[in-house]
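Asks: predicted model and sequence below, questions to follow.
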Amino acid sequence: MRIILLGPPGSGKGTLAADLSRHFSIPHISTGDLFRHHMRTGTPLGRLAESHIRSGGLVPDSVTVDMVRERLAQPDCADGFLLDGFPRTEPQAHALAAMLAESGQALDHVLDLRVRDDTIIRRLSGRRLCPACGAGYNLVSAPPRLEGVCDACGKPLEQRADDRAETVLRRLETYHAQTAPLVGFYEAQGLLMPVPNEGSPAEAFETALRLLGRTA
Ligand code: ADP
Ligand code: ZN
């Protein structure tokens, strides 16, 4: 199964992707996570990505496409994958289509997470991450047992630099300008399935499974 998750920042793509990837045993490929890994380990790609990410804009298409092409060529992607955060622009969507066509593959589904802007702003400002083990928390909906400390490993939690209020607004603008047009692009191909996600992660997972099951 080859799935794309579309949706604005903070719409719950990462959480749903983790659930679906476990359920279907397909790799979860998050371009945001890949960039953050490069930033943490200080690679040239990480240094290039950092300024774009900090400002709430997008990393240039050519760089992003090359990174994804490399990842999709790994053997674990042969039978399927779940893309989270890619494609994010029309040129990226065309590049992905060309990549898949080259290897005789096709997309099966595009899940479009739907969340209102005010919900997004509330969720992202409460989001916290453990830099050591990657566990995610939310001060409002999923707080750690002890304030500011990871339940799993005891390390101090951090806020992603791009989750600060000004940057969140910029990311939303970027989404509406550059990524939202992909909804029509995939709708025209009959691949798009909207998943409302104003509720809990469990509800979104259930909706997604129902939609995927119905069309399988
Ligand atoms: P979110 O979906 O919450 O914005 P991500 O972790 O997916 O978070 O992405 C974080 C940042 O990484 C984005 O704001 C953007 O700068 C960069 N990024 C991620 N995916 C892409 C992509 N496909 N193309 C360009 N930039 C990207
Ligand atoms: Zn931790």
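Replies: Perfect, I can see it now. Residues are numbered from 1 along each chain as shown. Ligands and ions are numbered 1, 2, ... in the order given.
Asks: spell out which parts of the chain neighbour ligand 2.
Replies: Taking CB under 5 Å from the ion as the contact definition, the chain meets ligand 2 at 130, 132-133, 135, 150, 152-153. In short, each C-beta sits where N, CA and C put it, glycine included.
Asks: can you map out the strands along the chain?
Replies: In the chain, the strands defined using DSSP state E lie at 2-6, 28-30, 81-84, 109-114, 127-129, 136-138, 192-196.
Asks: now those in TSV, with distance to Met39, mean pLDDT and mean neighbour count?
Replies: TSV is the format used below for the strands of the chain (distance: least, CB to CB, whole Å; pLDDT from 0 to 100; neighbours: other CB atoms under 10 Å):
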stretch	distance to Met39	mean pLDDT	mean neighbour count
strand 2-6	22	97	24
strand 28-30	14	97	21
strand 81-84	17	98	24
strand 109-114	25	97	21
strand 127-129	13	93	19
strand 136-138	17	91	16
strand 192-196	29	96	18
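Asks: ok, the residue of the chain found nearest ligand 1 - contacts?
Replies: Among all residues of the chain, Gly32 sits closest to ligand 1, at 1.8 Å; criterion: CB to the nearest ligand atom. Gly32 sits next to 14, 84-85 when contact means CB atoms under 8 Å, 6 or more residues apart in numbering.
Asks: can you check Ile120 too?
Replies: Contacts for Ile120 were tallied using CB under 8 Å, 6+ apart; they are 8-11, 168, 172.
Asks: likewise Ser55?
Replies: Applying CB under 8 Å, 6+ apart, we find Ser55 in contact with 167, 170.
Asks: and the gap between it and Gly148?
Replies: Relative to Gly148, Ser55 is positioned 27 Å away (CB to CB, to the nearest Å).
Asks: in TSV, list the contacts of Gly32 along with distance to Thr119.
Replies: Shown next, in TSV, are the contacts of Gly32 (distance: CB to CB, whole Å):
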residue	distance to Thr119
Gly14	16
Asp84	19
Gly85	19
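Asks: same list, those, but only the ones touching ligand 1.
Replies: By CB under 6 Å from any ligand atom, the members of these lying near ligand 1 are Gly85.
Asks: which stretches of this structure aren't confidently modelled?
Replies: Residues of the chain that meet the criterion pLDDT under 70 lie in 215-216.
Asks: tell me which parts of it are close to ligand 1?
Replies: Taking CB under 6 Å from any ligand atom as the contact definition, the chain meets ligand 1 at 9-10, 13, 31-32, 35, 52-53, 57-59, 64, 85-86, 88, 92, 162, 171.
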